[in-house]
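**Student:** Please find the sequence and the predicted model below.
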Amino acid sequence: MALNLHLLRFFSAVAQTGSFSRAADELNVSQPAISRGVRDFELQVGCRLLDRGPRGVRLTREGDALFRHAKTLFAMERAAEDELRALRGLGSGALRIGASTTIATYMLPTYLGAFNRAYPGIELSITSENTRSIAGLLIEHKIDVALVEGPVDVPCIVSEAWIADEMVLITSAGHAFVHDDVPIDPVRLDGETFIFREPGSGSREVVAEALKANGVNPIRRLDVGSTEAIKQLVASGVGVAITSVATIRDQVALGTLVAVPIRQMRVERTLWRLSVPGRLANPATIAFERLIKI
């Protein structure tokens with residue numbers, strides 16, 4: 001029995017999104033068409049693939065098995081599209097970049113500007129997600145370049161050190177630390193409200209490890225879900241934080257934030273480039289990776 005690939009795509013979209021309506025939006029077709037297509041597909045394969053319920057759909061055992069094969073099949077389809085695009089060269093085409101939030105917001109724009117000036121015919125798209133999500137997109141051929149804040153432990157992915165990212169203590173312009181003529185003693189941080197990124201953030205883990213290694217244990221902690229929010233809170237005098245130098249240049253220049261050195265404490269992390277061994281890189285990817293290695 002030959003599977004109907006058009007209907008398989010309908011089923012895969014529902015399985016991926018968990019909803020007939022979201023699958024319809026993703027494929028730009030009507031919901032009745034999706035529902036009818038999946039029902040016809042189940043009749044074709046001779047078994048139920050989805051359990052429908054008030055909270056959405058769930059894969060049956062058979063559906064789960066088929067969905068795993070569908071993901072592989074459509075990944076191969078995207079790989080074929082990538083190879084054909086590569087053969088067309090750099091006069092046209094697309095470059096899809098996936099990056100962790102800090103990289104996408106503060107580090108990529110300079111590279112993207114240079115790339116766009118050199119290759120104006122290439123259409124750029126940027127996806128900003130956490131490291132795990134970026135790795136998944138790379139495996140599924142949904143992005144060409146992956147830059148993240150931490151290495152990943154996935155068998156089919158290689159993590160290569162990209163650049164070092166220095167992280168510094170920031171305070172408001174009126175904070176007492178600003179008036180010190182020498183780097184502050186790390187123990188003084190114990191009495192501060194320390195603002196961290198949310199649990200699961202790569203930068204949070206780096207900062208927490210650095211504080212622990214230097215015997216720092218702030219008695220007041222505040223978790224915040226974005227670097228921008230952290231900077232606003234620090235500038236307002238709510239607390240202090242350690243964040244990437246790349247994220248604070250504008251505020252330091254304006255005088256709303258101050259970078260304060262800490263005695264015998266240097267916080268630095270490695271940013272990473274992810275790749276899949278043996279995958280053909282299109283010319284746009286090769287050109288961009290050459291640019292970011294300069």
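**Tutor:** Happy to help now that I have it.
**Student:** tell me the centre residue of this protein?
**Tutor:** Nearest to the mean C-alpha position of the chain, by C-alpha atoms, centre = their mean, lies residue 129 at 2.8 Å.
**Student:** What about the nearest residue to residue 275 once chain neighbours are set aside, how many residues nearby?
**Tutor:** Of all residues not flanking residue 275 in the chain, residue 158 sits nearest, at 5.2 Å (C-beta to C-beta, 6 or more residues apart in numbering). Using the backbone N, CA and C atoms, a C-beta is placed for each residue, glycine as well. Neighbours of residue 158 under the rule other C-beta atoms under 10 Å: 13.
**Student:** I'd say residue 158 and residue 279 touch.
**Tutor:** No - the pair residue 158 / residue 279 is not scored as a contact, 10.3 Å apart, by C-beta atoms under 8 Å.
**Student:** for this structure, what spans make up the helices?
**Tutor:** Along the chain, counting by DSSP state H, helices occupy 5-17, 20-27, 31-45, 61-87, 101-102, 108-118, 131-139, 202-213, 227-235, 249-254, 283-292.
**Student:** Pairing partners for the top strand by length along the chain, with directions?
**Tutor:** Ordering each strand of the chain by length in residues (DSSP state E) puts strand 158-172 first. For strand 158-172, the paired strands and their directions (DSSP bridges) read strand 241-244 (antiparallel), strand 257-260 (antiparallel), strand 267-275 (antiparallel).
**Student:** hmm, back to that, quick one: contacts for the residue nearest to residue 275?
**Tutor:** By C-beta atoms under 8 Å, 6 or more residues apart in numbering, the contact set of residue 158 is 274, 275, 276, 277.
**Student:** And for residue 16?
**Tutor:** Contact analysis of residue 16 by C-beta under 8 Å, 6+ apart lists 23, 26, 67.
**Student:** can you count the residues close to the second one?
**Tutor:** Spelled out, that is residue 26. Using other C-beta under 10 Å, residue 26 has 14 neighbouring residues.
**Student:** Then the first one?
**Tutor:** Residue 23 is surrounded by 25 other residues when neighbours are defined as other C-beta under 10 Å.
**Student:** just residue 55 next, same as before
**Tutor:** 8.
**Student:** That one and residue 25: what is the separation?
**Tutor:** 18 Å (C-beta to C-beta, to the nearest Å).
**Student:** Switch the contacts of residue 158 over to JSON lines; also include neighbour count, pLDDT and distance to residue 41.
**Tutor:** JSON lines is the format used below for the contacts of residue 158 (neighbours: other C-beta atoms under 10 Å; pLDDT from 0 to 100; distance: C-beta to C-beta, whole Å):
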{"residue": "274", "neighbour count": "24", "pLDDT": "95", "distance to residue 41": "34"}
{"residue": "275", "neighbour count": "16", "pLDDT": "93", "distance to residue 41": "35"}
{"residue": "276", "neighbour count": "16", "pLDDT": "92", "distance to residue 41": "30"}
{"residue": "277", "neighbour count": "7", "pLDDT": "89", "distance to residue 41": "34"}
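**Student:** quick check, nearest of those to residue 238?
**Tutor:** Lowest distance from residue 238 to those (C-beta to C-beta) belongs to residue 274, with 35.1 Å.
**Student:** thinking again about what came up before, what mean pLDDT does the longest strand of the chain get?
**Tutor:** Strand 158-172 comes out with an average pLDDT of 94.
**Student:** ditto for stretch 224-243
**Tutor:** Rounded mean pLDDT across stretch 224-243 is 94.
**Student:** hang on, the earlier thing: any chance of the strands paired with strand 158-172 in JSON lines, plus distance to residue 81?
**Tutor:** As requested, the strands paired with strand 158-172 are arranged in JSON lines below (distance: least, C-beta to C-beta, whole Å):
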{"stretch": "strand 241-244", "distance to residue 81": "35"}
{"stretch": "strand 257-260", "distance to residue 81": "45"}
{"stretch": "strand 267-275", "distance to residue 81": "18"}
